[in-house]
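[1] okay, here's the prediction I keep looking at, along with the sequence it came from:
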Amino acid sequence: MTRFAIYFLFSLLFIGCDYSGSSREAFLSWPSFRGNSSLQGYAAVDIPSEPQLLWTVEHKVRSVSSPVVLGGTVYWCNRRGKITGMGTDGQPVFEYDFATAVEAPLMVYDSVLYVARIDGTLSALSLRTKKILWEYETEGQLSGSANIIGEGGRRYVLFGSYDYYLYCLDAATGTLISRFESNYYINGAVASSGRFAVFGGCDALVRKVDVLRGVMTDSLQLVAYVPASPAIDNNTAYIGDYNGTIYAIGLDAMKVDTLYRNSKGEDNAFLSTPAVNDGQIVFYGSDKHLRMMTTKGAELWKFLIGDTGESSPVLTRKHVLACSRSGVVYLLDRKTGLLQWRYDIGEQIAASPAVISGRFYILTAKGTLFCFGGK
């Protein structure tokens, strides 16, 4: 048995089943822009403390999407709607051109790519046949990625539209199960907790919706509007607003606690989604700091990045991975916050990293994909 095979089998002991497919695929999969349906931004894997640049791919077409990975193959879409899949060796293995604008990250499940398009259409594209399995049209643009949940042996796709509706479709057929009108456009991806979707909006409301019935079960009014998606862990949603406050919202009773608030006079907005795992939360704000706290509100450490950013940080077992807007990638020790490694890509970054065992992917705003890992 090879060294890789031994490590592969050992790693499976630590990886729970998620919607990326089998546990074997989960070892080398990051199926959404935050890794799972709860948008936690956590990868239960190890990456090198001093990674090396393995390869790059330059497309020279802008992208605001984030890469996703299934079974070791990384997929992304540029703003013109061209999807590319690259193998672990940096060679192309998949291409498909929608020839229409796409800004949202892709979402992949069971060899199907779900593509949210600016023209308001959600497309289900087979990776095996390169054929459209189904499409569903809305009356507003789709800017956030789709999400997926399982209930009663079936799978459902969730996504929001600028037509104010949150949609729930049958993942296999595209049949409408329900829709919920939010009275405001839905810009980002919704996080899921069981059959419930949680999302914020420009009206400063955080909503909890039973997606199978299309009914809002609760809501909470915050002080300022919510630019990014929440992250859910242990039935608690963690979310930042434009005034620089990070909230913890217990989803059973929609009870809210303030974990962190920026001081007056600072540029306060939280434009990215926090990462949360095992009682710890890390977030990156416009005050140019990366902060690690307990989910009870105690600060463990902070690190001055010196630049603002919209890219959401990622937690692994031992590290925190973060990207500044100007294009610097940081890898910090999760326990201490000490810098382990940095790399200046030289191009702006808005997308969130995709992390799998032993490597990670960064997509720049110019459309260049960087692959880092161990030799």
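    Ah, there it is.
[2] by mean pLDDT, flag the weakest helix or strand of the chain.
    Within the chain, no helix or strand scores below helix 3-12, which has a mean of 38 by mean pLDDT, DSSP states H and E.
[3] got the phi and psi for residue 259?
    The phi and psi values for residue 259, taken as degrees, to the nearest 10, are phi -80, psi -40.
[4] ok, it - contacts?
    Residue 259 sits next to 238, 246, 247, 248, 281, 293, 295, 297 when contact means CB atoms under 8 Å, 6 or more residues apart in numbering. Any C-beta I mention is one placed from the backbone N, CA and C, and that applies to glycine too.
[5] can you give me the pLDDT of the residue nearest to residue 39 when sequence neighbours are not counted?
    What sits nearest to residue 39 in space, not counting adjacent residues and going by CB to CB, 6 or more residues apart in numbering, is residue 191, at 4.3 Å. Looking at residue 191, its pLDDT stands at 97.
[6] tell me who's in contact with residue 191.
    Contacts for residue 191 (CB under 8 Å, 6+ apart) come out as 37, 38, 39, 147, 197, 198, 199, 229, 230, 231, 232, 237.
[7] where does the chain dip in pLDDT?
    1-26, 264-267 (pLDDT under 70).
[8] measure stretch 268-279 end to end?
    Start and end residues of stretch 268-279 are separated by 24 Å (CA to CA, to the nearest Å).
[9] tell me which residues in that stretch are buried?
    Within stretch 268-279, the residues that count as buried by 16 or more other CB atoms under 10 Å are 268, 269, 270, 271, 272, 273, 274, 275, 276, 277.
[10] again with stretch 322-334
    Buried, per 16+ other CB under 10 Å, within stretch 322-334: 322, 323, 324, 325, 326, 327, 328, 329, 330, 331, 332, 334.
[11] got it, and stretch 65-80?
    Using 16+ other CB under 10 Å as the burial criterion, the residues of stretch 65-80 that qualify are 65-80.
[12] what's the offset of that stretch from the middle of its chain?
    Relative to its parent chain, stretch 65-80 has a centroid offset of 12 Å by CA atoms, centre = their mean, to the nearest Å.
[13] please apply the same query to stretch 94-109.
    Here the centre of mass of C-alpha atoms in stretch 94-109, compared against the chain's by CA atoms, centre = their mean, lies 15 Å away.
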